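Visitor: predicted structure and sequence below. I'll ask about it afterward.
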Amino acid sequence: MAPKKMATNDDNKNAITILSIDGGGVRGIIPSVILEFLEKELQYVSIVESSNENLLTKAWNGVKSLYSHWPIWNIISYFVLPVHDGVGLRKIIKEKLGQRKLKDSLTNVFITSFDIMRFRPVNFSSQKAKCNPPDDPLLSDVCISTSAAPYFLPPHHFKHEKQPFNFVDGAVAANNPTLFAVNEVMKEVFKDRNLNFKDLSDTKFLILSLGTGTFKRKHGLEVGKFPWGLFTLFFGPPGTYNSTPLIDIFTSASDSMVDIYMDSFCQLLGIKRDDYLRIQEDDLAYEMATTTCNSSREHLKNLKNIGKSLLKKPATTLNSETGLYEPVDGKTTNEEELRAFARKLYAEKNKKEMSRSLAVSEDMKRTLAGCEEMSRPLVVSRGCDSLGHRMPIC
């Protein structure tokens, strides 16, 4: 049997579109500016996936205050209580979402969280929720769970189908959830079509991954002669008390691994560079990049301006040798890349609508043909009359 030829025309491929948004608390304003621009070009994305908050990257900022102006209760509460009690947030979420279930989402969504009772990531999927009631909790519980960033907000406990759940923010497992989203989509594709990787030559991926900003450490940290105990790991070596080395290491390593795996995945499936866009501001000031809960007007305005300036910056792509993002050509901006991406999405939308129209037309033809057949007399032979002729029954 001759080997199956690889499809060379992308226009003939079935497209899977994925939008992935990193965690980052209020820094989510940065990708929201990007999405606002994309919406002006096109209001169509088929899968939305988000991890709502960042890992506790601001956990120990302001350490000097511990030794001077704080009353003793503030010092104690700093260690034993979350920054926010979450009461206001939970109230608003429940008021807005009411009794809506996960399956009631307007588009296919995939939301990450982490179960601290079972110590494993949990992924809320509207696709699963539509098929399986145990996977269909209240949407409000899902949103509260994925926003429960450790240290900043208390964990969320709820019961569904008589089962107890204890969740914190999914960013502790994957602050950049792109890989989780791709994995979820692949499971659905393989399940529906009974395929393997070799059979995906007729499938096209369009992936947009939006970051919430990170920082470039201008100077690395030397081991030095001072002890690297908990104090140094959380507060930084002497002279760098505005950093959190342990948390920075974990978050940077996690994000880098997602970048590497996504690069390998794209190479494996032959996904073109401009079909996978990763847009990330990687040069924030350290305090800006590690702030997740500063909701002052000035800070929110600064984040919005960062998002606008990011649109004008050169588009980047991952250098698989160095693991760093580099400009595509030094000329093409993120804004231009998004415009081209929007055109592809629009073309895919039109193609799918055309396919549905053709399918409806074929169904209509079959229905009309069936009606024409039914309009004819139905004759059933059941015995003979007295002359020996067969008697029809109509």
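Guide: Good, I have the coordinates.

Visitor: number of nearby residues for Gly224?
Guide: When neighbours are defined as other Cβ atoms under 10 Å, Gly224 has 11 of them. Placement of C-beta: from N, CA and C, glycine included.

Visitor: for the helix or strand where Leu19 lies, what is the average pLDDT?
Guide: Here Leu19, judged by DSSP states H and E, is contained in strand 14-21. The average pLDDT within strand 14-21 is 84.

Visitor: next: stretch 215-230.
Guide: Stretch 215-230 carries an average pLDDT of 71.

Visitor: picking that back up, packing partners of the strand holding Leu19?
Guide: Counting contacts by 3 or more Cβ pairs under 8 Å, 6 or more residues apart in numbering; DSSP states H and E, strand 14-21 packs against strand 47-50, helix 178-193, strand 203-210, helix 334-375.

Visitor: distance from the chain centre to the next helix or strand after the third one, please.
Guide: Secondary structure here is assigned by DSSP H and E; on that basis, the next helix or strand after strand 203-210 toward the C-terminus is helix 230-235. Centroid displacement of helix 230-235 relative to its chain, using Cα atoms, centre = their mean, to the nearest Å, is 32 Å.

Visitor: can you list the low-confidence ranges for the chain?
Guide: Confidence mapping of the chain against pLDDT under 70 gives the ranges 1-13, 42-83, 192-202, 217-220, 239-243, 356-394.

Visitor: quick one: the strands in it?
Guide: Ranges of strands within the chain are 14-21, 47-50, 108-115, 120-125, 156-160, 163-169, 203-210, 276-279, 316-319, 324-327, 380-384, 390-393, based on DSSP state E.

Visitor: partners of the third one in the sheet?
Guide: The strands that strand 108-115 pairs with in its sheet are strand 47-50 (parallel), strand 120-125 (antiparallel), strand 163-169 (antiparallel) (by DSSP bridges).

Visitor: what's the closest of those strands to His157?
Guide: Using Cβ to Cβ as the measure, strand 163-169 is the one of those that comes nearest His157, at 5.2 Å.

Visitor: list of residues touching that closest one?
Guide: Outside of strand 163-169, the residues that reach it under the criterion Cβ atoms under 8 Å, 6 or more residues apart in numbering are 23, 51-55, 113-117, 122, 134, 137, 141, 145-150, 153, 155-159.

Visitor: one more pass at 6 Å, please.
Guide: For strand 163-169, the surrounding residues in contact (Cβ atoms under 6 Å, 6 or more residues apart in numbering) are 53, 113-117, 145, 148-150, 155-158.

Visitor: any idea how far Asn176 is from Val26?
Guide: 18 Å (Cβ to Cβ, to the nearest Å).

Visitor: so the two - more neighbours on which side?
Guide: Each of Val26 and Asn176 had its neighbours counted (other Cβ under 10 Å), and the higher figure belongs to Asn176 (28 against 18).

Visitor: which residue packs closest to the more buried one, ignoring adjacent ones?
Guide: Spatial nearest neighbour of Asn176, chain neighbours left out: Val258 (4.5 Å); criterion: Cβ to Cβ, 6 or more residues apart in numbering.

Visitor: pretty sure that neighbour is touching Ala181, no?
Guide: No: the pair Val258 and Ala181 fails to qualify as a contact (Cβ atoms under 6 Å) at a distance of 10.7 Å.

Visitor: more neighbours: which of these two?
Guide: Per other Cβ under 10 Å, whichever of Val258 and Ala181 has more neighbours is Ala181, with 27 against 21.

Visitor: and that one, how far is that from Phe265?
Guide: Between Ala181 and Phe265 the distance is 11 Å, computed by Cβ to Cβ.

Visitor: can you check Ala15 too?
Guide: With Cβ to Cβ as the criterion, Ala15 and Phe265 are 16 Å apart.

Visitor: repeat that for Glu161.
Guide: Spatial separation of Glu161 from Phe265 under the definition Cβ to Cβ is 34 Å.

Visitor: that older thread, quick one: which of the strands paired with strand 108-115 is nearest Lys313?
Guide: Evaluated over the strands paired with strand 108-115, closeness to Lys313 peaks at strand 47-50, with 22.8 Å, by Cβ to Cβ.

Visitor: how long is stretch 271-283 end to end?
Guide: When the termini of stretch 271-283 are compared using Cα to Cα, to the nearest Å, they are 27 Å apart.

Visitor: now do the buried residues in that stretch.
Guide: Going by neighbour count (16 or more other Cβ atoms under 10 Å), the buried part of stretch 271-283 is Ile271, Asp275, Tyr276, Leu277, Arg278, Ile279, Gln280, Glu281, Asp282.

Visitor: which two from those end up farthest apart in space?
Guide: Spatial extent of the buried residues of stretch 271-283 (Cβ to Cβ) is set by the pair Ile271 and Glu281 at 23.5 Å.

Visitor: re earlier: can you select the buried ones among the contacts of strand 163-169 for me in ChimeraX?
Guide: Command for ChimeraX that selects the buried part of the contacts of strand 163-169, burial taken from 16+ other Cβ under 10 Å:
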select :53,113,114,115,116,145,148,149,150,155,156,158
